[in-house]
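>>> Have a look at this fold, sequence not included:
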């Protein structure tokens, strides 16, 4: 659990790095999200103070762009690609299957906070549709029978 | 690396050319390749080469284009023809050194044959590739494959000439195809009775059998993709050996900004992001616009490379950025020189981490070598480039929204005029160019605008890269001169529909485009011809659809995408799009009526005329296009009611190619 000071320390770092760069807001938000997995409210408030940008403007940006999250994600991030090529190759069915197995809708985290499910619009792996990304690792030509393997391997690795 | 002067640049090129002598192995490590396991294959190959103590260079390259055969490995070693292998696993990779490099024997079943078709034999035949490509009627010809190989090998040629099955020949529906190496003379429709003749004339006497000879030229012309798959994208030296920065050198020391714009005009290059605006004109207008000084006092203009590539199903830009980032950077610097801009930004979507990393590395390397920054190559021109990320908003591919995004605001478009070339980023003249457009620029300046203009049609000069995916047999990146027909791209180059199914339509232009039915597939590809058919060129995504795809569902899919991505600023898009989606949904649940189609058409008109930006203006395209060519499918839902809708929903859920297991 990071304390208030830890949170501030990191934000100071990012602002220090980016403060003289024009067009820095989204870049700083990416750095924050990479670290925390989402943009915590305290961090947004600190950022507003340090950059001299109104908090409302920062939230305007965070809520507009799909990439940024307002809530902590699950331990494992599952993204199913719903781009056209993947859609034509049955990604919608794949997504339904993933939803059933995890018991959540897109954009939600499982109750035990283990998995977070997202839908992406095209990661550019159209040659291997349908594709999904789990914890940054891309899986292509996914069949429903592969899902157990893909989802459980992660859980097993942890318990070792 | 020290900063280059002109002389240094030439010296590096000369030096490195020599060191390529020992042979090389290139592993396709773009995102698609890596997802298929290319990194593991790379490690295995490096290990094996080191173990055997060979002086063969093993390098990572970008996309070789044949996505259907990832992971791909290309090999050039002494005593063997240059070979491309596909579907390489770690196990197969372990066999490369002992069998291919040392044993001089091809790996059976993995060769992706060259598309160059030799017309005569130059030297002794060393290897023969065979593939049964099926017949155009769908029935395979009377030829037992194994006996073919036996027949070829028996009687004196066994052991001297190796016969293997190829993974892919780039030829489809022409029976048994044979290719002899190294000359790449290719025979099609080979029958059992032809074998003795081939053995005698070709394998033993070194003569071509005219009747069987395939005279087709490779339809692809790789200009944008010229270095993709050959160059190590993370090595500046390697890029320099592939004519990297030669164009920049010429431009800075032998030309003027006006001459550069003239050369672009002669080439006829039009924006490859989809709108097709003449590139030379955009640069000229930006150059002629008054520029405000920035805080350092410089009259500032900007170049932006639009690498947002939001169209789902398109991966051309991702491939170019991951495979040849220096070419795009060089194009940007030249653009800056031509229009009097000293700063450039790469706006890359956040979903492309490898592209982001490689572009940043290219920028760092170029800066270190004096190819970027103050006084480039010791001359008078200075240019700085930076990377800025997107954050998952499709609308930020639109010029004014992209500018807002870099400025740290929500990505809402603004009315034009004023166009970015007059008032863009931070109120200053800005030219925004697509990745593919910029990648063309060094080639055009290197070889001349007239050279580029020889390709393509009168109004659409040059080549275009397409990402062909969907229900296609072989999904891949294709670069063809404008004017090649859709049928040629889908059938001749990509092998038609997978499983030999019947094609229903080709969708171009992503969510802003339309569907083109089977009877229009002979249309040559160009900006004008696709527009006339009710679609657009778009960024280059090309989706193949078969009889199992429901056009109403496709229209709904694209419209839902547009509505998810709509910024919400203007009512025609925000309200119109939403209401139209409700009506489409109603129809697809079997509860629609005739009046709903009329209402949909009205909303389409409204959105086209009154939306603020191209997202809203083109969101109706898929709906209009599917109504134009596939109205019966809409009628079927209206007349069939809920029972028909239930039947269709079941078919769609089960009919996608996701296999239950």
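Yes, it's here. Since the structure is predicted, the reported quantities are computational estimates derived from the model, not experimental observations.
>>> Who are the contact partners of residue 63?
Picking chain A for this. residue A:70 (C-beta atoms under 8 Å, 6 or more residues apart in numbering or on different chains). No exception for glycine: its C-beta is placed from N, CA and C like everyone else's.
>>> meant chain B actually
B:28, B:30, B:32-33, B:225, B:228-229, B:319, B:322-323, B:477.
>>> what do you get for residue B:376?
Listed by C-beta under 8 Å, 6+ apart, the contact set of residue B:376 reads B:248, B:252, B:333, B:370, B:382-383.
>>> I'd like those residues laid out as JSON lines, including secondary structure, pLDDT and neighbour count.
Output for these, formatted as JSON lines (DSSP: H, G, I helix; E, B strand; the rest coil; pLDDT from 0 to 100; neighbours: other C-beta atoms under 10 Å in any protein chain shown):
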{"residue": "B:248", "secondary structure": "helix", "pLDDT": "96", "neighbour count": "28"}
{"residue": "B:252", "secondary structure": "helix", "pLDDT": "95", "neighbour count": "20"}
{"residue": "B:333", "secondary structure": "helix", "pLDDT": "98", "neighbour count": "29"}
{"residue": "B:370", "secondary structure": "coil", "pLDDT": "94", "neighbour count": "20"}
{"residue": "B:382", "secondary structure": "coil", "pLDDT": "95", "neighbour count": "14"}
{"residue": "B:383", "secondary structure": "strand", "pLDDT": "97", "neighbour count": "23"}
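>>> how about those, which pair is most distant?
Distances among the contacts of residue B:376 were taken as C-beta to C-beta; the most separated pair is B:248 and B:382, at 13.1 Å.
>>> Any buried residues in the longest helix seen in chain B, and which?
For chain B, the longest helix by residue count, based on DSSP state H, is helix B:621-655. Across helix B:621-655, burial judged by 16 or more other C-beta atoms under 10 Å in any protein chain shown covers B:621-627, B:629-630, B:633-634, B:636-638, B:645, B:648, B:652, B:655.
>>> quick one: which of the contacts of residue B:63 is most hemmed in?
residue B:30 (34 neighbours; other C-beta atoms under 10 Å in any protein chain shown).
>>> Pass me the low-pLDDT residue ranges in the chain, would you?
I'll assume chain A. The model of chain A has pLDDT under 70 over residues A:1-8, A:153-160.
>>> hmm, I had chain B in mind actually
Judged by pLDDT under 70, chain B has its weakly predicted residues at B:1-2, B:14-21, B:136-146, B:153-159, B:297, B:655-661.
>>> Could you rerun that using 50?
Along chain B, the parts satisfying pLDDT under 50 run over B:139, B:141-142, B:656-661.
>>> residues contacting the residue nearest to residue B:197 when sequence neighbours are not counted?
With C-beta to C-beta, 6 or more residues apart in numbering or on different chains as the criterion, residue B:197 has its nearest non-adjacent residue at 5.9 Å, and that residue is residue B:209. Counting by C-beta under 8 Å, 6+ apart, residue B:209 touches B:187, B:194, B:197-198, B:201-202.
>>> Near chain A, list only the ones from the contacts of residue B:63.
For chain A, the contacts drawn from the contacts of residue B:63 by C-beta under 8 Å from any C-beta of the partner chain are B:32, B:319.
>>> What is the nearest of the contacts of residue B:63 to residue B:110?
In terms of C-beta to C-beta, no member of the contacts of residue B:63 lies closer to residue B:110 than residue B:28, at 13.5 Å.
>>> Just grab the bridge partners of that closest one for me.
Per DSSP bridges, the residues bridged to residue B:28 are residue B:61.
>>> What separation is there between it and residue B:36?
9 Å (C-beta to C-beta, to the nearest Å).
>>> what do those two both touch?
Contacts common to residue B:28 and residue B:36, judged by C-beta under 8 Å, 6+ apart, are B:70-71.
>>> Could you tell me which residues make contact with the closest residue to residue B:474 other than its chain neighbours?
Spatial nearest neighbour of residue B:474, excluding adjacent residues (C-beta to C-beta, 6+ apart): residue B:68 at 4.1 Å. Residue B:68 makes contacts with A:127, B:86, B:168, B:473-476, as judged by C-beta under 8 Å, 6+ apart.
>>> Most neighbours among those residues, please name it.
Neighbour counts for the contacts of residue B:68 (other C-beta under 10 Å) peak at residue A:127, which has 32 neighbours.
>>> surely that one meets residue B:32?
Yes - here residue A:127 lies in contact with residue B:32, judged by C-beta atoms under 8 Å, at a distance of 5.2 Å.
>>> all strands of chain A, in order?
A:76-81, A:115-120, A:132-134, A:137-139 (DSSP state E).
>>> mind checking how far the helix or strand hosting residue B:543 is from the chain centre?
Secondary structure assignment for residue B:543, by DSSP states H and E: strand B:541-546. Taking the mean of its C-alpha atoms, strand B:541-546 sits 14 Å from the chain's own mean (C-alpha atoms, centre = their mean, to the nearest Å).
>>> Strand partners (parallel or antiparallel) of it?
Note on strand B:541-546: by DSSP bridges, its sheet partners are strand B:463-470 (parallel), strand B:503-508 (antiparallel).
>>> Distance to residue B:540 added to the ones you listed, as CSV?
Output for these, formatted as CSV (distance: least, C-beta to C-beta, whole Å):
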stretch, distance to residue B:540
strand B:463-470, 5
strand B:503-508, 8
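>>> just those strands: most buried one?
strand B:463-470 (a mean of 28; mean count of other C-beta atoms under 10 Å in any protein chain shown).
>>> Which element is encountered next along the chain beyond that one?
strand B:476-481.
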